[in-house]
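Trainee: structure here, sequence nowhere to be found:
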């Protein structure tokens with residue numbers, strides 16, 4: 001019996017430290033000088049009633065959202081290089097205005113760092129839970145991660161990871177169904193016949209150009225999400 005107990009204890013000990021070790025290998029960093037510059041700016045800008053927030057990384061950051069929608073209540077809360085950990089860290093500021101709507105797209109930078117899909121999905125669940133708890137009247141729209149195109153070589157770490165993008169997107173679709181949150185499938189609108197980000201919408205294989213943002217806008221308009 002004592003031997004049996006020692007075996008069980010040993011297995012639990014190994015499992016515990018294997019889990020701790022694997023967690024330590026995850027790159028959860030998000031703070032850059034740009035991140036801190038943007039976060040301090042967001043924190044000092046006065047809140048407005050009825051804000052519509054676009055939340056994400058550089059793909060969101062690049063757009064001139066208020067001009068695209070011709071609406072001063074549309075706010076850009078994208079930060080270049082951000083990931084799910086960074087969004088969690090600044091979510092209180094995002095929700096401080098009790099926004100009418102939040103459109104989120106985040107995750108490609110997590111994938112580029114080989115963050116496990118399960119961790120990305122877990123972080124998304126935390127984001128959704130906090131939005132529901134801290135700003136229950138906010139309508140949350142979870143937008144799929146966009147495809148990439150490996151014919152471009154500028155962002156190598158983001159390329160050749162389409163299986164992860166698809167896996168996370170499908171998981172997000174299921175979570176949205178369970179949580180009764182709107183899922184926006186942008187992936188399908190941006191993919192070409194070869195299963196890559198359409199060259200019409202990109203000049204570096206990761207980010208999108210003006211035509212890409214017009215396509216994004218078109219999808220949201222057709223679904224009636226910006227009425």
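Mentor: That came through, no problem. Model, not experiment: these values are computed from the prediction.
Trainee: now do the strands in this protein.
Mentor: With DSSP state E as the criterion, the chain has strands at 52-56, 74-78, 101-105, 139-143, 182-184.
Trainee: list the contacts of the spatially most central residue of the chain.
Mentor: For the chain, residue 106 is the residue whose C-alpha lies nearest the centre (Cα atoms, centre = their mean; 1.2 Å). With contacts defined as Cβ atoms under 8 Å, 6 or more residues apart in numbering, the neighbours of residue 106 are 55, 56, 57, 82, 83, 84, 87, 124. Where you see a C-beta, it was placed from the backbone N, CA and C, and this is true even at glycine.
Trainee: now render the strands of the chain as a markdown table, adding mean pLDDT, mean neighbour count and distance to residue 165.
Mentor: Output for the strands of the chain, formatted as a markdown table (pLDDT from 0 to 100; neighbours: other Cβ atoms under 10 Å; distance: least, Cβ to Cβ, whole Å):
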| stretch | mean pLDDT | mean neighbour count | distance to residue 165 |
| --- | --- | --- | --- |
| strand 52-56 | 98 | 24 | 15 |
| strand 74-78 | 98 | 22 | 18 |
| strand 101-105 | 98 | 23 | 12 |
| strand 139-143 | 98 | 21 | 13 |
| strand 182-184 | 98 | 17 | 15 |
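Trainee: let's have those in CSV, adding distance to residue 158.
Mentor: Below are these laid out as CSV (distance: least, Cβ to Cβ, whole Å):
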stretch, distance to residue 158
strand 52-56, 14
strand 74-78, 16
strand 101-105, 14
strand 139-143, 17
strand 182-184, 21
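Trainee: out of those, which is closest to residue 202?
Mentor: Smallest distance to residue 202 across the strands of the chain (Cβ to Cβ): 15.1 Å, for strand 101-105.
Trainee: what sits against the nearest residue to residue 64 once chain neighbours are set aside?
Mentor: Leaving aside its chain neighbours, residue 64 sits nearest to residue 76 (7.7 Å; criterion: Cβ to Cβ, 6 or more residues apart in numbering). Contacts for residue 76 (Cβ under 8 Å, 6+ apart) come out as 54, 60, 61, 63, 64, 65, 66.
Trainee: once you drop chain neighbours, what's closest to residue 98?
Mentor: Distances taken as Cβ to Cβ, 6+ apart place residue 135 nearest to residue 98, at 5.0 Å, with adjacent residues excluded.
Trainee: pretty sure residue 149 sits against residue 197.
Mentor: Yes - between residue 149 and residue 197 there is a contact at 4.1 Å, judged by Cβ atoms under 8 Å.
Trainee: quick check: neighbours shared by those two?
Mentor: With Cβ under 8 Å, 6+ apart as the test, residue 149 and residue 197 both reach 205, 206.
Trainee: more neighbours: which of the two?
Mentor: Using other Cβ atoms under 10 Å, the more surrounded residue of residue 149 and residue 197 is residue 197, with 26 against 22.
Trainee: coming back round to it: and of the contacts of residue 76, the nearest to residue 162?
Mentor: For those, the nearest to residue 162 is residue 60 (20.5 Å; Cβ to Cβ).
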